[in-house]
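Asks: missing the sequence, but the structure's below:
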Ligand SMILES: [Zn+2]
Ligand SMILES: [Zn+2]
């Protein structure tokens, strides 16, 4: 049986308070953000736990909170790579430009079909995978799932696929 | 470590030959369909292996080959339930009507947000989950993944979420 954590969305409590996310006490009397460990908070903590590598392969990335966590990983020395869909990359609200501008290598499929995966591999050993695109609507509105499996074998299967796409999408 | 089978798409070999799928020898000299165990064939075999229950919770279902397998399960006495997205249900090519017409109970989210899951639970013990919508484009065009885990604990977590949605979407 898998040692997996399953996150379901939507997060009824809303977007997380940045103080709570930082592990600090929120002192704003009327703060309307969530101060609980929502599914998004649990996902962000997994990204923030990356210490060596972070391979992201996600169709749509528009949720600033998640994009910020990816950039934070890069800034603390984690080797980050991002694959996404080319059409989504150029759509309104996409965070791919900000991720690339931070110095993270980004590649896309450059095809009319969809690079439709929504997975990430943390430190080559933990697989984050499911229906969940990295968007605000997926956090707050949709029925979605993310399965986080600390499983080197499973992560390895996806890492091989990631590397294959990374080579294929060179120059895109 | 998980006892999981991982399927990646697209299937470069194309749609499967129905003879191959049925375990028979194809005698058509110029058959252009695939006679190999493609990812779609492996997925269809998992659905065809259902013997007691099949709970399907998939955003878009337009691939006739997969819809046919769901109907076949119903016809051999498997207790099938289907949850999908209401907007997708009414879009061109949706197989939800055919599934409902076969006598399978179907419920949708009836909301402007997306019932965006793409999972199924076979016999309460095997979880099929990933980025893969049950569409022809996902089979033949897109980069997609499906993780098939024979894991009663993981399947149970998703079964609980399925039952919760099934109750919530009553009457839709
Ligand atoms: Zn606060
Ligand atoms: Zn044939």
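Replies: Looks like it arrived, so ask away. Remember, it's a predicted structure, so these values are computed and weren't measured experimentally. Ligands and ions are numbered 1, 2, ... in the order given.

Asks: how about stretch A:27-42 against ligand 1, any contact?
Replies: Yes: Stretch A:27-42 comes into contact with ligand 1 (C-beta under 5 Å from the ion), by way of A:31, A:33. C-beta here means a position set from N, CA and C on the backbone, and glycine is covered the same way.

Asks: neighbouring contacts of that stretch?
Replies: Contacts with stretch A:27-42, where a contact means C-beta atoms under 8 Å, 6 or more residues apart in numbering or on different chains, come from A:5, A:7-9, A:11, A:13-21, A:26, A:65-66, A:139, A:146, A:148.

Asks: what's the least confident helix or strand in chain A, going by average pLDDT?
Replies: When the helices and strands of chain A are scored by mean pLDDT, DSSP states H and E, helix A:86-89 comes last with a mean of 86.

Asks: Give the other helices and strands that the helix or strand following that helix contacts.
Replies: Counting by DSSP states H and E, the next helix or strand C-terminal to helix A:86-89 is helix A:96-101. Under the contact definition 3 or more C-beta pairs under 8 Å, 6 or more residues apart in numbering or on different chains; DSSP states H and E, helix A:96-101 sits against helix A:64-75, strand A:79-84, helix A:86-89, strand A:106-108.

Asks: Neighbours of residue A:70, how many?
Replies: Counted with other C-beta atoms under 10 Å in any protein chain shown, the neighbours of residue A:70 add up to 25.

Asks: wait, what's in contact with it?
Replies: A:47, A:54, A:56, A:80, A:82, A:99, A:104.

Asks: among these, who's most crowded?
Replies: Busiest of the contacts of residue A:70 [other C-beta under 10 Å] is residue A:56, holding 27 neighbours.

Asks: Next up, the contacts around that one.
Replies: A:70, A:80-84, A:120.

Asks: beta partners of it?
Replies: For residue A:56, the beta-bridge partners under DSSP bridges are residue A:82, residue A:120.

Asks: Check the gap between the nearest residue to residue A:60 once chain neighbours are set aside and ligand 1 for me.
Replies: Spatial nearest neighbour of residue A:60, excluding adjacent residues (C-beta to C-beta, 6 or more residues apart in numbering or on different chains): residue A:133 at 4.2 Å. Residue A:133 is 26 Å from ligand 1, where distance means C-beta to the ion, to the nearest Å.

Asks: Does residue A:133 touch residue A:58 like I think?
Replies: Yes: proximity of residue A:133 to residue A:58 meets the contact threshold set by C-beta atoms under 8 Å, at 6.4 Å.

Asks: which neighbours do the two share?
Replies: Common neighbours of residue A:133 and residue A:58 (C-beta under 8 Å, 6+ apart) are residue A:118.

Asks: what helices or strands is the longest helix anywhere in chain A leaning on?
Replies: If you go by DSSP state H, chain A has its longest helix at helix A:152-168. Under the contact definition 3+ C-beta pairs under 8 Å, 6+ apart, helix A:152-168 sits against strand A:53-58, strand A:79-84, strand A:118-122, strand A:126-130, strand B:4-9, strand B:144-150.

Asks: and it, which residues are buried?
Replies: By 16 or more other C-beta atoms under 10 Å in any protein chain shown, the buried positions in helix A:152-168 come out as A:154-155, A:157-159, A:161-162, A:165-166.
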